[in-house]
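Q: test case, fold it:
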Amino acid sequence: MKKLSYTLLFASGLAFGQFFEKDKVFTKQDTLKGSNTAFRDFWDVKKYDLSVEPDFKEKSIKGTNKISFEIIKDATNPVFQIDLQQPMKADQVTADFPIANYKQNGDFIFITTNKKFKKGEKYTIDVTYSGKPTIAKNAPWDGGWVFTKDNNGNPWMSVADEGIGASIWLPTKDIWSDEPDNGIIMKIITPNDLVGVGNGRLIDKKTEGGKTTYTWQVKNPINAYSIIPNIGKYVNFKDTFNGEKGKLDLDYWVLDYNLEKAKKQFQQVKPMLSAFEYWFGPYPFYEDSYKLVDSPYLGMEHQSNVAYGNGYQNGYRGTDFSGTGVGLNWDYIIIHESGHEWFANNITAKDQADMWIHESFTMYSEVLFTEKYMDKKSADTYAIGIRSKIQNDVPIIGKYGVRNEGSGDMYPKGASMIHTIRQVINNDEKFRKILRGLGKDFYHQTVTTQQIENYISSKSGIDFSTVFDQYLRTIMIPTLEYSQNGNTLKYRYTDVVKNLKLPVIINGNQTITPTENWQTVTLKKNTPVEFNPNYYIHYNNVQ
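A: Got it, this is the predicted structure:
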C-alpha cells in the first residue's frame, strides 16, 4: 500500500489519484536508480549486516552496512555503485579487496578498483553512514523517516520508503531485482527506555550504559524497501498459527497503551492466514515468523514486520473501500498489507514499472479473503464495488528502467482484471491452483510482467495475452454493444485492443466470443439477455 507517484486519498469516499508529469523527461539519475547498469550487473547481493541508531532530538541517524556479495560475471577494473541518497553521507567505505578510490556523487557512491574479479568470487563492502534523512511529509505515500511522539509523549520513529527507495537512509544496492539471498542481520540501537523492532526474529538484546541494542535476523531473501526499523515504547505478545508448513510464530509489537485493543483486533490474523494459505499456499516466511507492529503511519507490507496504523477498527480507518459495506467486516490494513507477504515480498517485481504484480493481486486478496471469511456473494459484491475507484487515467504499467510506477489503477483495475480472468477460466479449483502455483513456482523470486502473464495463460490453457494488453497497457475498457430481437442476440466489442480474446458467459451457461465485427447468436430463450456483472466490461444496448 504505497506509491511514490500518486496520492491515495481517503476522505468522504476513498479514491485513487495520481499526479503525472505526462511529458516528464527522465534523467541519467533516474536510469542509475532504476536500471541494472554496468555498475550493478556483475555482482549479486547475498546479505546485509547493518546497524542503525536514530537520534530523535536531532532527527538524524547513523549506522553501518556490511554488504556481502558474489561476482556473477568476470569483470576487470569495474566500478561498483552503492546507493545512498542525499543528504545522507558515507563517512567511510572499506572492502576486503583493494579500493582505488570512492566518491559520493549525488545519490550514489561509486567505488573504483584496479582488480580483476572472477565469476563465483565472494567479497564484502562496508559503509559507515550518517546524516539527517529525508523526512516523510505524509508517510507511507511519500517516502521518508517519521520522528513523532505517541499519545503519551514518548518518541516514536520509523521509516517508509518503497517508492523512493531504501537508500534514503541505508547504503544498499537499491534495485528491486537484487534481494539479499541470505537475508539480513539488523541491529537497532535505542535509548534504554525504548524498544527497537525489526524484520524477522529477535536473536539478541544487549544493554550497555544508556543504550540497548536489539538484533534481528531475516533468513529469507528480502526486498530492500521492507528493511524497516521501528523504535518506540513497545510491548510484545505472541501467538501461534497451525498452518500448512506447521507452527507459525505470530509476533505482535504494540505501544503499551494499545495492548488490550491489539489482543482483540489481531484475532483477525488467524482467519486471514487460513484464507490466504488456502488460496495462495503456505505463508512464505515461516523461518522468520509473522509480525504486526504498531506504526506511526497507516500501514505497509514490510516483510515479517507488517506496519499497522489503522486505529484498531474495521474497514479503512472506519470506511469501506468498496462502498458496499462489505469491507467493514474486517480490518483493511491487516488483510491488505498481510496479503503482500505473498505478492510483493514472496513474488517481487524486478522493475517498479511492474508494481501491478504487487498491488493487483493483493487487492484481489481482499476479495478472496471475503469469500473465505464470509461468502462468495459478499466477495463478488466487494469486487464489483471497488470499480468505482478506477480512473483510467494512464496505463497501469509504468516506464521501465527509471523507477517509474504506472497508474494507481493497479489496485482496483488490476484486481478487476484478475476477477475477470477468473470468470473466463470458469473453474475456481483451477484458478486456485494457478494462484498457489505462482507462489510455489516463483517462490522467493523477482519476476517480470511477462513471466506472470505467460504463467497464467499456460496453466489455464487460455491465451490471456490480449486481456493483459487491454487492462495493463491501455486505458480502454471493453464495451460489449448488443441488440436483442427475440432469441437472437447481435453483439460486438468496441474500445478494445486488436483481436481481443475475451469470451463472455451470458445467461449463466452460454459463452459468446465477441470481436470488433458484429456477430449473432441464437439464445436458448427469448427473455432479456443476462450478463455476468463480474466481468469488468461495459454493456451497451444499442437497440
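Q: now for the residue lying closest to A224 once chain neighbours are set aside: which residues touch it?
A: Once flanking residues are discounted, A224 sits nearest to A166: 3.9 Å by Cβ to Cβ, 6 or more residues apart in numbering. In short, each C-beta sits where N, CA and C put it, glycine included. A166 is in contact with 172, 174, 224-225, 227, counting by Cβ atoms under 8 Å, 6 or more residues apart in numbering.
Q: how much space separates A166 from K33?
A: A166 is 12 Å from K33, where distance means Cβ to Cβ, to the nearest Å.
Q: who touches both of those two?
A: Joint contacts of A166 and K33 (Cβ under 8 Å, 6+ apart) are D174.
Q: coming back round to it: identify the farthest-apart pair in the contacts of A166.
A: Largest separation among the contacts of A166 by Cβ to Cβ: D174 and I227, giving 10.6 Å.
Q: backbone dihedrals for the residue nearest to A224, please?
A: phi -60, psi -20 (degrees, to the nearest 10).
Q: what sits against T213?
A: Contact criterion Cβ under 8 Å, 6+ apart gives 51, 187-190, 196, 204-207 as the residues in contact with T213.
Q: and it, bridged to which residues?
A: In this structure, T213 has beta-bridge partners I189, K206, where bridges are defined by DSSP bridges.
Q: for L472, helix, strand, or coil?
A: When the structure is reduced to helix, strand and coil (DSSP: H, G, I helix; E, B strand; the rest coil), L472 reads as helix.
Q: my guess is it contacts T449. True?
A: Yes - applying Cβ atoms under 8 Å as the test, L472 and T449 come out as touching, 7.2 Å apart.
Q: what sits in contact with each of the two?
A: 356, 397.
Q: for the longest helix along the chain, which helices and strands make contact with it?
A: Secondary structure assigned by DSSP state H gives helix 356-373 as the longest helix of the chain. Taking 3 or more Cβ pairs under 8 Å, 6 or more residues apart in numbering; DSSP states H and E as the contact definition, the neighbouring helices and strands of helix 356-373 are helix 269-280, helix 332-339, strand 347-349, helix 376-385, helix 412-425, helix 449-460.
Q: can you add mean pLDDT and distance to W145 and give those back as JSON lines?
A: Written out in JSON lines, the entries for the helices and strands packed on helix 356-373 read as follows (pLDDT from 0 to 100; distance: least, Cβ to Cβ, whole Å):
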{"stretch": "helix 269-280", "mean pLDDT": "98", "distance to W145": "27"}
{"stretch": "helix 332-339", "mean pLDDT": "98", "distance to W145": "20"}
{"stretch": "strand 347-349", "mean pLDDT": "98", "distance to W145": "23"}
{"stretch": "helix 376-385", "mean pLDDT": "98", "distance to W145": "35"}
{"stretch": "helix 412-425", "mean pLDDT": "98", "distance to W145": "30"}
{"stretch": "helix 449-460", "mean pLDDT": "98", "distance to W145": "32"}
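Q: rebuild those as TSV, extending it with mean neighbour count.
A: Putting these into TSV (neighbours: other Cβ atoms under 10 Å) gives the following:
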stretch	mean neighbour count
helix 269-280	20
helix 332-339	25
strand 347-349	24
helix 376-385	19
helix 412-425	24
helix 449-460	17
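Q: walk me through the domains of this structure.
A: For the chain, the structural domains run 39-313, 479-541, going by automatic domain parsing.
Q: pLDDT below threshold where in the protein?
A: For the chain, the stretches flagged by pLDDT under 70 are 1-23.
Q: now the longest helix of the chain and helix 449-460, what's the angle there?
A: What separates the directions of helix 356-373 and helix 449-460 is an angle of 40 degrees, with axes from the mean of the first three to the mean of the last three Cα atoms, to 10 degrees.
Q: roughly how far out does helix 356-373 sit from the chain middle?
A: Offset of helix 356-373 from its chain centre (Cα atoms, centre = their mean, to the nearest Å): 12 Å.
Q: that one: which residues count as buried?
A: Of the residues in helix 356-373, 356-373 count as buried by neighbour count, 16 or more other Cβ atoms under 10 Å.
Q: what do you get for stretch 393-413?
A: Burial within stretch 393-413, assessed by neighbour count using 16+ other Cβ under 10 Å, is assigned to 393-413.
Q: before we move on, back to that, out of the helices and strands packed on helix 356-373, flag the one nearest G315.
A: Taking Cβ to Cβ as the measure, the helices and strands packed on helix 356-373 were each checked against G315, and helix 332-339 came out nearest at 5.8 Å.
Q: please save the CA atoms from the closest one in CSV.
A: Taking Å, rounded to 0.1, in the frame of the first residue of the first chain, the C-alpha atoms of helix 332-339 are listed here in CSV:
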residue,chain,number,x,y,z
TYR,A,332,-8.3,-3.4,5.8
ILE,A,333,-4.7,-3.0,6.9
ILE,A,334,-4.4,-6.4,8.5
ILE,A,335,-5.8,-8.1,5.4
HIS,A,336,-4.3,-6.0,2.6
GLU,A,337,-0.8,-5.5,4.0
SER,A,338,-0.5,-9.1,5.0
GLY,A,339,-1.6,-10.2,1.5
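Q: angle of it against helix 269-280?
A: Here helix 332-339 runs at an angle of 40 degrees relative to helix 269-280 (the same axes, to 10 degrees).
Q: so which elements touch helix 332-339?
A: In terms of contacts (3+ Cβ pairs under 8 Å, 6+ apart), helix 332-339 is packed against helix 269-280, strand 299-300, strand 306-308, helix 356-373.
Q: and these: which comes nearest S289?
A: Comparing these against S289 with Cβ to Cβ, the closest turns out to be strand 306-308 (11.1 Å).
Q: which other helices and strands does the closest one contact?
A: Applying 3+ Cβ pairs under 8 Å, 6+ apart, one finds that strand 306-308 contacts strand 290-294, strand 299-300, helix 332-339.
Q: and of those, who's closest to Q85?
A: Ranking the helices and strands packed on strand 306-308 by distance to Q85, with Cβ to Cβ as the measure, places strand 299-300 first at 18.6 Å.
Q: quick check: D393 is in a strand.
A: No - residue assignment for D393, taken from three-state DSSP, gives coil, which places it outside any strand.
Q: that one touches T474, doesn't it?
A: No - in this structure, D393 is not within contact of T474 by Cβ under 8 Å, at 11.9 Å.
Q: got the contact list for the nearest residue to N305 once chain neighbours are set aside?
A: What sits nearest to N305 in space, not counting adjacent residues and going by Cβ to Cβ, 6+ apart, is N199, at 4.2 Å. Residues counted as contacts of N199 (Cβ under 8 Å, 6+ apart) are 184, 186, 216, 218, 222, 226-228, 288, 291, 302-305.
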